[in-house]
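1. got a predicted model here, sequence first, then my questions.
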Amino acid sequence: MIRISDVLKTFTLHNQGGTEIAVMAGAALQVAPGECVALTGSSGAGKSTLMRMIYGNYLAAGGMIRVGDTDVTRAEPREILAMRREVLGYVSQFLRVVPRVPTLDVVAEPLLMLGAGPDEARDRAASLLRRLRIPENLWQLSPTTFSGGEQQRVNIARGFCHEYPALLLDEPTASLDAANRETVLSLIEEAKARGAAIVGIFHDEAARNRVCDREIDVSGFTPAKAA
Ligand SMILES: Nc1ncnc2c1ncn2[C@@H]1O[C@H](COP(=O)(O)OP(=O)(O)OP(=O)(O)O)[C@@H](O)[C@H]1O
């Protein structure tokens, strides 16, 4: 479902005389449907950079990244947007929302954008919000004023609303209490069971051991070592 080979990434520091820094070379990864792969490696090794390249936020300088039928390194912006709508979900650590949109609609939006009926989309959103213990009296409010942990759970609910064939998870259990952490791990297990291919960053080692089938240490892709 997700196939990466020989990926190269350089950053050009425009505010520092255009200096080019190579941060990744020879990156390779394959994730099959129903599999969860953890990206590991020390801080600065390139875990987030690799996830951003898979999502099409950062452009790879070389190599191949395929998500389903999408050739991410060569796709037009509209193809990337279609991939994000239909195929590849991304649960980042922070919720970014348009102000004044009620929480229920923030969570239902990915399904609404795919043409689901409003009742069906809101029912699914409600069931996720309930599972993630967001009190019902908050559902009609915008999540902009919610606590950090509440925003994180709204973000997770949104990321799991549509059953994406592939998912990127950036620290999905960070700073959650035990009960909500357990819910998130169950959501990941259910997504795997229905065939989702998942790539994640999990600093929570017990969570990683429970849901991940394999680990890929991205330090192996830092140019000095890969050369
Ligand atoms: N936009 C950018 N411009 C320049 N350099 C960048 C940019 N994004 C990342 N880097 C560099 O790429 C390298 C990898 O960073 P990245 O954030 O991917 O690491 P990480 O493994 O996710 O780290 P952490 O665990 O601390 O989040 C770092 O040396 C970082 O400074």
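-> The structure has been received and is ready for your questions. Numbering: from 1, shown residues only.
2. got a list of contacts for stretch 196-214?
-> 1-2, 29, 31-40, 47-48, 51, 54, 163-174, 181, 185, 188-189, 191-192, 215 (C-beta atoms under 8 Å, 6 or more residues apart in numbering). Bear in mind the C-beta positions are built from the backbone N, C-alpha and C, glycine included.
3. and this structure, which of its residues are near the ligand?
-> Within the chain, the positions near the ligand by C-beta under 6 Å from any ligand atom are F11, V23, G41, S43, G44, A45, G46, K47, S48, T49.
4. swap the cut-off to 5 Å and go again
-> Residues of the chain lying near the ligand by C-beta under 5 Å from any ligand atom: F11, V23, S43, G44, A45, G46, K47, S48, T49.
5. mind checking the SS state of the fifth one?
-> Under DSSP: H, G, I helix; E, B strand; the rest coil, the three-state class of A45 is coil.
6. and the gap between it and E189?
-> Look at A45 and E189: by C-beta to C-beta, to the nearest Å, they are 27 Å apart.
7. and for N180?
-> Counting by C-beta to C-beta, the separation of N180 from E189 is 15 Å.
8. looking at these two, which is more packed in?
-> N180 (20 against 12; other C-beta atoms under 10 Å).
9. picking that back up, is there a quick ChimeraX command that grabs whichever of the contacts of stretch 196-214 are buried?
-> In ChimeraX, this line selects whichever of those come out buried by 16 or more other C-beta atoms under 10 Å:
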select :1,2,29,31,35,36,37,38,39,40,47,48,51,54,164,165,166,167,168,169,170,171,172,173,174,181,185,188,191,192
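10. okay, and which of the contacts of stretch 196-214 map to strands?
-> Counting by DSSP state E, the contacts of stretch 196-214 place 2, 29, 31, 36-40, 166-170, 215 in strands.
11. specify which member of those is nearest to the ligand.
-> Minimum distance to the ligand across these is 7.7 Å, recorded for L39 (C-beta to the nearest ligand atom).
12. what sits against that closest one?
-> Contacts of L39 were listed using C-beta under 8 Å, 6+ apart, and they are K47, L50, M51, V199, G200, I201, E215, I216, V218.
13. please name the nearest non-neighbouring residue to it.
-> Using C-beta to C-beta, 6 or more residues apart in numbering and skipping the chain neighbours, the partner closest in space to L39 is K47 (4.3 Å).
14. quick check, the one you found in contact with D217.
-> No: K47 lies out of contact with D217 (C-beta atoms under 8 Å); the separation is 9.6 Å.
15. could you find the closest non-adjacent residue to R85?
-> Leaving aside its sequence neighbours, R85 sits nearest to M113 (C-beta to C-beta, 6+ apart; 5.7 Å).
16. any idea how far A121 is from that neighbour?
-> 9 Å.
17. if anything else comes up later, I'll come back, but that's it for now.
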